[in-house]
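*Asks:* 3D model of this:
(chains A and B)
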Amino acid sequence: MTLLGDVARELLGMFLADARLTGATLALVALVAGLVLRLGVQPLIGGGVLLIGCLAILTEAAVREARRRRRND
Amino acid sequence: MESVSWAVAAPAVGAAFLASLVEVVEAFTIVLAVGTLRGWRPAVSGTLAALGILGLLVVALGPVLDRVPIHLLQLMIGTLLLLFGMGWLRKAILRSAGVIPLHDEEATFVAETAILTRADGRKGRSLDWIAGLAAFKAVLLEGLEVVFIVIAVGAGRGLLWSAAAGALAACVAVLAVGAVVHRPLSQVPENTLKFGVGVMLSAFGVFWTGEGLGVDWPGQDLALVVFAAIFLTIGLMTAAFLRRPVREASR
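*Replies:* Numbering: from 1, shown residues only, chains lettered A, B, ... in the order given. The predicted structure is shown next:
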């Protein structure tokens, strides 16, 4: 059971290492899908929003984690 | 089968190779500790059993993915790649900036050796089981990430076998070097590799997710290279920003 638990933890950890990064990324994909598929925004504009959004989420996640760790040190 | 340009094939095979290199080095450290302490029989048995399960996983998932409509598949895999790739890149940025410590293969080897040594009081056969299980678990857990990467970068464009070949090449390379040096491969620039893989997986994530939503990227497959360059630049800039002293960075 420990092995199965470790496998489950590994799989979850692969995608949920940082809950806010995961949530923000899923929200961004949903937003872009909504813009393109529901509101008829040009797909290329949606693609641009996706790229810039990912870069912003990544930077925020790294800076937030660095500040949190340095505060706790 | 749709023809695939080098701009997609090279990063797919490269990402599978480099990611596998990182994971295989980590698994190799544990297998080496098991082999050194308890002999190569439990180490090799555990490793082969885990590789068998991982192989079955790829063989089972490949045909299933073929049945999923291509746009849905790209959207699903693209989103998973974004979560996984940006997770790796975030960690690599933090390691590169010195916020979290680098992975230390020597320390892992010592820790695993200590665990197996503590169990030394048990009977020989049961100890072989524990040692074999340790090798099995290490290869299985590290291999899961490799399997995901191979499927994720390969499935969208029929590159599954090319990506698998990239992963296999990494296994062979690590085993060959490991057999010669016979100690943990602590000289491998693991974080640099993780940085590179995180960049490639994130670029693939944006590319596939966009294609899944009907985006016709300018430059077609070459857009992938541009995305990788952008993620690399932003990643390096963020690491450099975080490397500065706290007071200066928060000003």
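
*Asks:* low-scoring stretches of chain B, by residue?
*Replies:* Counting by pLDDT under 70, chain B has low-confidence residues at B:1-5, B:7, B:104-105, B:118-127, B:156-157, B:184-188, B:245-251.

*Asks:* if you set the cut-off to 80 instead, what comes out?
*Replies:* Under the criterion of pLDDT under 80, the regions of chain B flagged as low confidence span B:1-9, B:11, B:37-39, B:58, B:62-66, B:102-130, B:154-160, B:178-190, B:244-251.

*Asks:* run through the helices of it in chain order.
*Replies:* In order along the chain, chain B carries the following helices (DSSP state H): B:6-38, B:40-66, B:70-96, B:105-118, B:124-155, B:160-181, B:190-212, B:222-243, B:246-250.

*Asks:* let me have these in JSON lines, extended by mean neighbour count and distance to chain A.
*Replies:* C-beta coordinates here come from the backbone N, C-alpha and C atoms, glycine included. Converted to JSON lines, the helices of chain B look like this (neighbours: other CB atoms under 10 Å in any protein chain shown; distance: least, CB to the nearest CB, whole Å):
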{"stretch": "helix B:6-38", "mean neighbour count": "23", "distance to chain A": "11"}
{"stretch": "helix B:40-66", "mean neighbour count": "16", "distance to chain A": "10"}
{"stretch": "helix B:70-96", "mean neighbour count": "22", "distance to chain A": "4"}
{"stretch": "helix B:105-118", "mean neighbour count": "15", "distance to chain A": "14"}
{"stretch": "helix B:124-155", "mean neighbour count": "22", "distance to chain A": "5"}
{"stretch": "helix B:160-181", "mean neighbour count": "17", "distance to chain A": "16"}
{"stretch": "helix B:190-212", "mean neighbour count": "25", "distance to chain A": "4"}
{"stretch": "helix B:222-243", "mean neighbour count": "18", "distance to chain A": "5"}
{"stretch": "helix B:246-250", "mean neighbour count": "11", "distance to chain A": "6"}
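
*Asks:* what's the closest of the ones you listed to residue A:44?
*Replies:* Taking CB to CB as the measure, the helices of chain B were each checked against residue A:44, and helix B:190-212 came out nearest at 8.6 Å.

*Asks:* now for that closest one, which elements pack on it?
*Replies:* Other helices and strands packing on helix B:190-212, by 3 or more CB pairs under 8 Å, 6 or more residues apart in numbering or on different chains; DSSP states H and E, are helix A:43-72, helix B:6-38, helix B:70-96, helix B:124-155, helix B:222-243.

*Asks:* can the helices of chain B go into CSV with extra columns for distance to residue A:37?
*Replies:* What follows is the helices of chain B, written out as CSV (distance: least, CB to CB, whole Å):
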stretch, distance to residue A:37
helix B:6-38, 24
helix B:40-66, 22
helix B:70-96, 10
helix B:105-118, 46
helix B:124-155, 22
helix B:160-181, 28
helix B:190-212, 10
helix B:222-243, 21
helix B:246-250, 40
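
*Asks:* which of the helices and strands packed on helix B:190-212 sits closest to residue B:190?
*Replies:* For residue B:190, the closest of the helices and strands packed on helix B:190-212 is helix B:6-38, at 5.7 Å, according to CB to CB.

*Asks:* tell me how many other residues surround the residue of chain A found nearest chain B.
*Replies:* Nearest to chain B in chain A, going by CB to the nearest CB, is residue A:47, at a distance of 3.8 Å. Counted by other CB atoms under 10 Å in any protein chain shown, the residues lying close to residue A:47 total 25.

*Asks:* you'd agree residue B:27 is up against residue B:142?
*Replies:* Yes: here residue B:27 lies in contact with residue B:142, judged by CB atoms under 8 Å, at a distance of 4.1 Å.

*Asks:* still on that earlier bit, quickly note the distance from the residue of chain A closest to chain B to residue B:165.
*Replies:* Plainly put, residue A:47 is 30 Å away from residue B:165 if you go by CB to CB, to the nearest Å.

*Asks:* now residue A:53
*Replies:* Residue A:53 sits 34 Å away from residue B:165 when distances are taken as CB to CB.

*Asks:* spell out which residues of chain A are next to chain B.
*Replies:* Residues of chain A that fall close to chain B, judged by CB under 8 Å from any CB of the partner chain: A:3, A:6-7, A:10-11, A:14-18, A:21-22, A:25-26, A:29, A:32-33, A:36-37, A:43-44, A:46-47, A:50-51, A:54-55, A:57-59, A:61-63, A:65-67, A:69-70.

*Asks:* of the residues you listed, buried ones?
*Replies:* Burial of those was assessed by neighbour count (16 or more other CB atoms under 10 Å in any protein chain shown); the buried members are A:10, A:14-15, A:17-18, A:21-22, A:25, A:29, A:32-33, A:36, A:43, A:46-47, A:50-51, A:54-55, A:57-59, A:61-63, A:65-66.

*Asks:* so what's the closest residue to residue B:75 other than its chain neighbours up against?
*Replies:* Using CB to CB, 6 or more residues apart in numbering or on different chains and skipping the chain neighbours, the partner closest in space to residue B:75 is residue B:212 (2.9 Å). Residues counted as contacts of residue B:212 (CB atoms under 8 Å, 6 or more residues apart in numbering or on different chains) are B:71, B:72, B:73, B:74, B:75, B:76, B:78.
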